[in-house]
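Chemist: model this:
(2 chains, ligands or ions: 1)
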Amino acid sequence: MNNVCVYCEYEEGKIQDVSFELLTKGRSLANQLGCKLEALVIGENLEGVDKEVSKYGTDILFIADDKRLYPYSTLPHTAVAVGLFKETRPQIVLMGATSIGRDLGPRISSSLVSGLTADCTELEIGEYEDKKVGKKYENLLYQIRPAFGGNIIAWIVNPDNRPQMATVREGVMKKEMLNENHQAQVVHIEVNKYLNDADFVVKIIERQMEESKINLKNAPVIISGGYGVGSKENFDLLFELAHAIGAEVGASRAAIDAGFVEKGRQIGQTGVTVRPKLYIACGISGQIQHIAGMQESAMVISINNDPNAPINKIADYVINGDIAQIVPKMVKYYKKNVK
Amino acid sequence: MYKIIVLAKQVPDTRAVGKDAMKADGTVNRAALPAIFNPEDLNALEMALSVKDRYPASTITLLTMGPPRAAEILREGLYRGADAGVLLTDKAFAGSDTLATSYALSCAIKKIGDFDMIFGGRQAIDGDTAQVGPQVAEKLAIPQVTYAEALGEIKDKIIVIKRRLEKGVETVSAQMPLVITVNGTAPECRPRNAKRLMKYKKAKTISEMSNASEDYITLSNERPYLQITEWGAINVDPDPTQLGLKGSPTKVKQIKNIVFQAKDSKIITTEQEIEDLMKELIDNHTLG
Ligand SMILES: Cc1cc2nc3c(=O)[nH]c(=O)nc-3n(C[C@H](O)[C@H](O)[C@H](O)COP(=O)(O)OP(=O)(O)OC[C@H]3O[C@@H](n4cnc5c(N)ncnc54)[C@H](O)[C@@H]3O)c2cc1C
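Modeler: Residues are numbered from 1 along each chain as shown, chains lettered A, B, ... in the order given. Got it, this is the predicted structure:
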């Protein structure tokens, strides 16, 4: 049987959230396809991960546990994953669009000559017809993502090559436990079958992992700045407002490219996906790649000097005007009215 | 000394998509966008140049795949210090996804021949996929080190590389030959060098030569460095089934224009209205 497989990322003793999100999605895709959900965990000291991974509805869990497999390194993880997939022949492989997934995914896809779509915002099952050769396909994975060139979304399919591979950013899919007591069948992989010395030519000398100080994902209120904020100095106004009202500061890719704030604050398709109570978009035009990461905000305020900015359409409140003038007023009236 | 190849892509300047570049149907008028040297490929070029600074006998070949006009970024690279440029261009490459692109590039790299390091930007701004570097490495069966931010010691065929990860930094030592993809946090590329600009201003590919004057052709024959290498598919000996659309496992099923469900927005213009809004947000506990 060709199943759905999720490569689960294991870091600092934990399976990462993005992997649970993908298992949740993978479970529903497997149900639709009438196949099993598999998970692959590669690392060391992996006792106990089966409990966690099982809860999300995993049917078969492959574990590659070896001290040479942690921390993550491209070649050994590729060797294990490719070796396994050649035997298990999954029809779909999902992985996080993280530092690891974006390094490993393309390597695996090249090795298996299969298609890989990055940063999908939706995954669905559906049919496809290749009109040129008059061939119909059932039950393909639709890998859906915004495309460059306007407010357009592309549906991508891999008709002939397997596995159909996709990466998804953390926070895009919802993580939902299936059943606390669900138990996957555990298969321990004999790693020496797949690994050889040449897989260890890149050696990790030093690693410093740091918890990010930016917590966009859990912030109830986000003030997000775009290219229209104009400068680093003007971004300080956003930080001031954020400080006053207890919010986190986000940004568009254009603001980050312009060097106004650090990369970790990017919201959107290739940044973080957020669902705050309130999203205040300052000087953001509202391109599809940005909207993809914030459209589920409960309330949106747009501050923009262009009354026709596309983002205004999805805003509950539109404040017409210049960031540099409006934002300090918000600080002032907040302070004046808060008890 | 090291033999270095730098991969670069000419991309539409996605940062310049202002109102003027939008067509009435909400799609981008690509022709109105400037075509630029993909930003992280410039970081990659700089990292290559920094190796050449340390080992001046090293050579840097800049390789790009794209339409004929992509020769523009090769000249840009020559102005900034690359030794040679190679343009890979052919209709047979049209419609390539990342895998077919990587395959074509790997064929061109084999044709260039011997190399120690291949640098490329982490990703291109028109796709953000970050797939081509790792796929090229896999096609060449050599290691990859992604997200490089700085280089440490280089000794014989061993190189120390600092990587910038989402959640930290990592230092690795790796063996050549290898592919290194470079992060935007790495040093910015040095500017054009005035002397090199004078020297290479007139460098052209064969396609660009096609309508050149007699005088220019004479000049170009006297100064071979003015000839930018241009290869079509036939020159790099590929398996034709792995090229272009045919060689691309991913197909676009459809493209949809998204129309956002317009909300019934409240428009705020006066100072009093801003105060009222802040009050409301405090009263309904959205804030505070
Ligand atoms: C593959 C790919 C992935 C991408 N991923 C992302 C992503 O994850 N996140 C993301 O955000 N983008 C992403 N982008 C980029 C995206 O397409 C847009 O370019 C970007 O979101 C635009 O940012 P912006 O709205 O800040 O800038 P602009 O589009 O330049 O808009 C600036 C806005 O500010 C307003 N303004 C100007 N001056 C003022 C002022 N003084 N006061 C008030 N308003 C003012 C203008 O009216 C305008 O509406 C991606 C693009 C590609 C191709």
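
Chemist: wait, does the longest helix along chain A contact chain B?
Modeler: When chain A is scanned for its longest helix (criterion: DSSP state H), the result is helix A:17-33. No: Helix A:17-33 lies out of reach of chain B by C-beta under 8 Å from any C-beta of the partner chain, never closer than 10.7 Å. (Glycine included, C-beta is placed from N, CA and C.)

Chemist: could you point out which element follows that helix?
Modeler: Note on helix A:17-33: by DSSP states H and E, the next helix or strand toward the C-terminus is strand A:37-43.

Chemist: Quick check: residues of the stretch 51-200 of chain B near chain A?
Modeler: Counting by C-beta under 8 Å from any C-beta, the residues of the stretch 51-200 of chain B near chain A are B:97-99, B:102, B:125-135, B:137-139, B:143-147, B:160, B:165-175, B:178, B:184-185.

Chemist: For PyMOL, write a command that selects the buried ones of these.
Modeler: Applying 16 or more other C-beta atoms under 10 Å in any protein chain shown to those, the buried members can be selected in PyMOL as follows:
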select buried, chain B and resi 97+98+99+102+125+126+127+128+129+130+131+132+133+134+135+137+138+139+143+144+145+146+147+160+165+168+169+170+171+172+173+174+175+178+184+185
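
Chemist: Please could you give me each C-alpha atom of the helix or strand that contains A:Ile63, formatted as CSV?
Modeler: Using DSSP H and E, A:Ile63 falls within strand A:60-65. Taking Å, rounded to 0.1, in the frame of the first residue of the first chain, the C-alpha atoms of strand A:60-65 are listed here in CSV:
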residue,chain,number,x,y,z
ILE,A,60,3.0,3.1,11.4
LEU,A,61,6.0,4.9,13.0
PHE,A,62,9.5,4.3,11.5
ILE,A,63,12.2,5.1,14.0
ALA,A,64,15.9,5.5,13.1
ASP,A,65,17.7,5.8,16.4
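
Chemist: Run through the neighbouring helices and strands of that strand.
Modeler: The contact analysis (3 or more C-beta pairs under 8 Å, 6 or more residues apart in numbering or on different chains; DSSP states H and E) places strand A:60-65 against strand A:37-43, helix A:49-54, helix A:74-88, strand A:185-188.

Chemist: Can I get the ones you listed in a markdown table including distance to A:Asn158?
Modeler: As requested, these are arranged in a markdown table below (distance: least, C-beta to C-beta, whole Å):
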| stretch | distance to A:Asn158 |
| --- | --- |
| strand A:37-43 | 18 |
| helix A:49-54 | 26 |
| helix A:74-88 | 14 |
| strand A:185-188 | 26 |
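
Chemist: The ones you listed: which one's closest to B:Trp231?
Modeler: helix A:74-88 (29.2 Å; C-beta to C-beta).

Chemist: strands paired with the next helix or strand after that closest one, and their directions?
Modeler: Using DSSP H and E, the helix or strand that follows helix A:74-88 in sequence is strand A:92-96. Note on strand A:92-96: by DSSP bridges, its sheet partners are strand A:4-8 (parallel), strand A:164-168 (parallel).

Chemist: how about the strands of the stretch 1-150 of chain B, start to end?
Modeler: With DSSP state E, counting those that start in this stretch as the criterion, the stretch 1-150 of chain B has strands at B:3-8, B:10-12, B:35-37, B:59-65, B:84-88, B:117-121, B:144-155.

Chemist: Out of the ones you listed, the one nearest the ligand is which?
Modeler: Of all the strands of the stretch 1-150 of chain B, strand B:10-12 sits nearest to the ligand, with 8.6 Å by C-beta to the nearest ligand atom.

Chemist: chain center to the closest one, what's the gap?
Modeler: Centroid separation for strand B:10-12 versus its chain: 8 Å, with C-alpha atoms, centre = their mean, to the nearest Å.

Chemist: partners of it in the sheet?
Modeler: By DSSP bridges, strand B:10-12 pairs with strand B:35-37 (antiparallel).

Chemist: show me what contacts residue 59?
Modeler: Reading this off chain A. A:Asn3, A:Ala30, A:Lys36, A:Leu37, A:Glu38, A:Ala184, A:Gln185 (C-beta atoms under 8 Å, 6 or more residues apart in numbering or on different chains).

Chemist: if you could check chain B rather than the one you did, that'd help
Modeler: B:Thr59 neighbours (C-beta under 8 Å, 6+ apart): B:Met1, B:Tyr2, B:Lys3, B:Ile4, B:Lys52, B:Asp83, B:Ala84.

Chemist: Quick check: pLDDT value at residue 264.
Modeler: Here I'm looking at chain A. Note on A:Gly264: pLDDT of 94.

Chemist: wait, chain B
Modeler: pLDDT, B:Asp264: 90.

Chemist: So what's the residue count around it?
Modeler: By other C-beta atoms under 10 Å in any protein chain shown, 5 other residues sit near B:Asp264.

Chemist: And what about the closest residue to chain A within the stretch 151-288 of chain B, helix, strand or coil?
Modeler: Nearest to chain A in the stretch 151-288 of chain B, going by C-beta to the nearest C-beta, is B:Pro249, at a distance of 3.3 Å. Secondary structure state of B:Pro249, per DSSP: H, G, I helix; E, B strand; the rest coil, is coil.

Chemist: That one touches A:Leu112, doesn't it?
Modeler: No: the pair B:Pro249 and A:Leu112 fails to qualify as a contact (C-beta atoms under 8 Å) at a distance of 9.6 Å.

Chemist: Give me the more crowded residue out of those two.
Modeler: For B:Pro249 and A:Leu112, the more surrounded residue by other C-beta under 10 Å is B:Pro249, and the numbers stand at 24 against 21.

Chemist: Which residue comes closest to the more buried one once chain neighbours are left out?
Modeler: Distance criterion C-beta to C-beta, 6 or more residues apart in numbering or on different chains; nearest residue to B:Pro249, sequence neighbours excluded, is A:Gly115 at 3.3 Å.

Chemist: Also A:Tyr279?
Modeler: Per C-beta to C-beta, 6+ apart, closest to A:Tyr279 is A:Ser297, 3.7 Å.

Chemist: Thank you, goodbye.
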